[in-house]
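*Asks:* I'll drop the sequence and a predicted model, then ask my questions.
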Amino acid sequence: MAFPAAAQFRVEISGIGTAQVPVAIARFRDEDKALHPVSQIVRADLERSGLFKLVPAPDNLDENTRPVFTEWRSRNADALAAGTVTRLADGRYDLRYRLWDVVKGTELIAQSLAVPKEDLRLAAHRIADDIYQKLTGERGIFSTRIAYVSKGAGRYTLFVADADGEGSRSALGSAQPIISPAWSPEGNELAYVSFETGKPVVYVQDVLNGRRRTVAEFRGSNSAPAFSPDGSQLAVTLTKDGNSEIYAMSRQGDNLRRLTTAPGIDTEAAWSSDGKSIYFVSDRGGGPQVYRMGASGGNAERVTFGGNYNISPALSPDGRYMAYINRNGGNQFRLQLMDLNSGTVTALTDTNDDESPSFAPNSRLIIYASRAGGRDLLMTTTLDGLIKARLSPPQADVREPVWGPFSR
């Protein structure tokens, strides 16, 4: 199924990180003749990660350059990348590039790839992934995808996009609200809640072909779907028995099991990375707080204690952190990060309308929604809060981002 493209994002990066690797990414030769500025995409990806400091590079470099490493050391660069973009006779693009370790004076990567023109931006993200992995030892997340909901002109649209917000494609459009998108761990399906029938119903949709199935259409409200890490189950919030409770079901929508029984509202389930626990929001103690229980239900323990309003838990894939939204004092909703081992909480933002945090698959970045200048927009932040990037489309309010998994 072909989906229309969305308006392109502008990425604005702010802040200065610590312990950054100084790297020079030269403009790829002849990239001005291509559809996308490959080196610019690579630079923006690396900068947004918070782990790199960009060093200016002249334009007369390519993958055949023999760098004078002493010169680059004097520029305080630890690494240098350069390449060429060539359009082939069949319409594809040939990308060739090299990465050098300036400190050791050695070549780290020599790569060539031919891609269709529609995959040129993805190829640039993959180059950034390769550079990131070679210089940090960790897998890069720039070729992964995000999903988010946009509202404009009285219409709601669920979009799937590159991790930097570009290359958006509409997965679903409706005159009624669409909320709570959630990726399957394989990255091939999205669960979400749509009000298109006049009530909240949970659907699961194939991202590639657009086919979908209804998994929760019970009496009352059906909301807040979350896939288990192994993809076999969904946790959902249902009011079919009166109270708002957490249930588990198969990803096909059968084998329904109720997990919570306390009075009050239980909602916003989030699985731990090992699938053994479920975190959720409950007002059983008087105000909304995050609790944790076993994946099969049972007794729950309270996790958040700072303030009287904590919602929207998101667990890092490495199992170390929980991001959530705290309302402090007045009406300020701000992104917080908890170290699950120590219980230490760090405030990552000083804005007033943050919501819907979601971790990158390498647990290094968080995407979330916020509001600035009277508009709803998407942001990413490093886990220390020092580097933030604003992903802002020219026209539309965007909310409820969720970061997809690594491709398999």
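*Replies:* Cool, the structure landed.

*Asks:* which residues does the closest residue to residue 178 other than its chain neighbours contact?
*Replies:* Leaving aside its chain neighbours, residue 178 sits nearest to residue 156 (4.6 Å; criterion: C-beta to C-beta, 6 or more residues apart in numbering). For the C-beta atoms, the positions are set from N, CA and C on the backbone; glycine is no exception. With contact taken as C-beta atoms under 8 Å, 6 or more residues apart in numbering, residue 156 is in contact with 149, 150, 173, 174, 175, 176, 177, 178.

*Asks:* residue 209 versus the third one, what's the distance?
*Replies:* Distance of residue 173 to residue 209, given as C-beta to C-beta, to the nearest Å: 16 Å.

*Asks:* where exactly do the strands run in the stretch 201-350 of the chain?
*Replies:* 201-206, 212-216, 222-227, 233-238, 245-250, 257-258, 266-271, 277-282, 289-294, 297-302, 310-315, 321-328, 332-339, 345-347 (DSSP state E, counting those that start in this stretch).

*Asks:* average pLDDT for the shortest one?
*Replies:* Mean per-residue pLDDT for strand 257-258: 97.

*Asks:* likewise for the last one?
*Replies:* The pLDDT scores in strand 345-347 average 96.

*Asks:* again with the fourth one
*Replies:* When the per-residue pLDDT values of strand 233-238 are averaged, the result is 98.

*Asks:* so what strands line up beside that strand?
*Replies:* Strand 233-238 has the following strand partners under DSSP bridges: strand 222-227 (antiparallel), strand 245-250 (antiparallel).

*Asks:* and these: which comes nearest residue 354?
*Replies:* Each of these has some distance to residue 354 by C-beta to C-beta; the shortest is strand 222-227, at 18.1 Å.

*Asks:* with just CA atoms, put that closest one into CSV.
*Replies:* Extracted C-alpha coordinates of strand 222-227, given in CSV (Å, rounded to 0.1, in the frame of the first residue of the first chain):
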residue,chain,number,x,y,z
ASN,A,222,-10.6,0.1,25.2
SER,A,223,-7.3,1.8,25.4
ALA,A,224,-3.5,2.0,26.0
PRO,A,225,-2.2,-1.1,24.1
ALA,A,226,1.4,-2.2,24.8
PHE,A,227,3.2,-5.2,23.2
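
*Asks:* circling back: comparing residue 173 and residue 209, which residue is more hemmed in?
*Replies:* residue 173 (15 against 9; other C-beta atoms under 10 Å).

*Asks:* quick one: that one and residue 155 touch, right?
*Replies:* Yes. Using C-beta atoms under 8 Å, residue 173 is in contact with residue 155, at 6.2 Å.

*Asks:* how confident was the prediction at residue 7?
*Replies:* Per-residue confidence for residue 7 comes out at a pLDDT of 36.

*Asks:* next one: residue 12
*Replies:* Residue 12 carries a pLDDT value of 58.

*Asks:* before we move on, what about residue 264?
*Replies:* So, for residue 264, pLDDT stands at 88.

*Asks:* who's in contact with it?
*Replies:* Going by C-beta under 8 Å, 6+ apart, residue 264 touches 243, 244, 282, 283, 284.
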